[in-house]
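In: From the sequence below, what's the structure:
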Amino acid sequence: MIAEDSVLLREGLTQILARFGHEVVAGVGDAPALLAAVPEAEPDVVVADVRMPPGFRDEGLRAALELRARRPQLPVLVLSQYVEHAYAAELLATGDGVGYLLKDRVGEVAEFIGAVRRVVAGGTVIDPEVVRRLLSRRRGASPLDRLTGRERE
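Out: Reported below is the predicted structural model:
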């Protein structure tokens, strides 16, 4: 299943996956449609954009987290133009069969297909830039930054 608001990118990903022998059971353009379509289509993997309608902030990533909460074994590969620190870490913490790639850094179609296959097989795929940003953010953060609002009180 592909969840991508850009029709051209969604159709392009569909064609790429089909060329490599994969069937796309559904393609949706927003996060609510993704959440509604997964139970019906029962995909083997979800490839989702981070920023989707209705708000174009982090709806796709939040939907991916919700899907993983509902079906922890559902493989999810998130594609983004940005590193969303908190949600990326939360997605990666949901267990095996997840991935987070930056769209602009996928240099080869075979690399993308390999990432999809690794996630479906239960592996984890993380763009090196995502790792770098997550680690640099942790190194520069104060231990107090990790406290909740209530803990700070």
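
In: Let's verify Val78: helix, strand, or coil?
Out: Assigned with DSSP: H, G, I helix; E, B strand; the rest coil, Val78 falls in the strand class.

In: partners of it in the sheet?
Out: Applying DSSP bridges to Val78 yields these beta-bridge partners: Ala48, Tyr100.

In: Number of residues surrounding it?
Out: 28 (other C-beta atoms under 10 Å). (Each C-beta comes from the backbone N, C-alpha and C, glycine too.)

In: residues contacting it?
Out: By C-beta atoms under 8 Å, 6 or more residues apart in numbering, the residues touching Val78 are 47-50, 60-61, 64, 88, 91, 98-101.

In: And the pLDDT at it?
Out: Val78 carries a pLDDT value of 95.

In: just to revisit the earlier point, which of the contacts of Val78 are buried, as a PyMOL select command?
Out: The PyMOL command for the buried members of those (criterion: 16 or more other C-beta atoms under 10 Å) is given here:
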select buried, resi 47+48+49+50+60+61+64+88+91+98+99+100+101
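
In: Can you lay out the contacts of Val78 as TSV showing distance to Gln73 and pLDDT?
Out: As requested, these are exported to TSV (distance: C-beta to C-beta, whole Å; pLDDT from 0 to 100):
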residue	distance to Gln73	pLDDT
Val47	16	98
Ala48	16	97
Asp49	22	96
Val50	22	93
Gly60	20	94
Leu61	19	92
Ala64	14	95
Ala88	20	81
Leu91	15	89
Val98	11	97
Gly99	15	95
Tyr100	18	93
Leu101	20	94
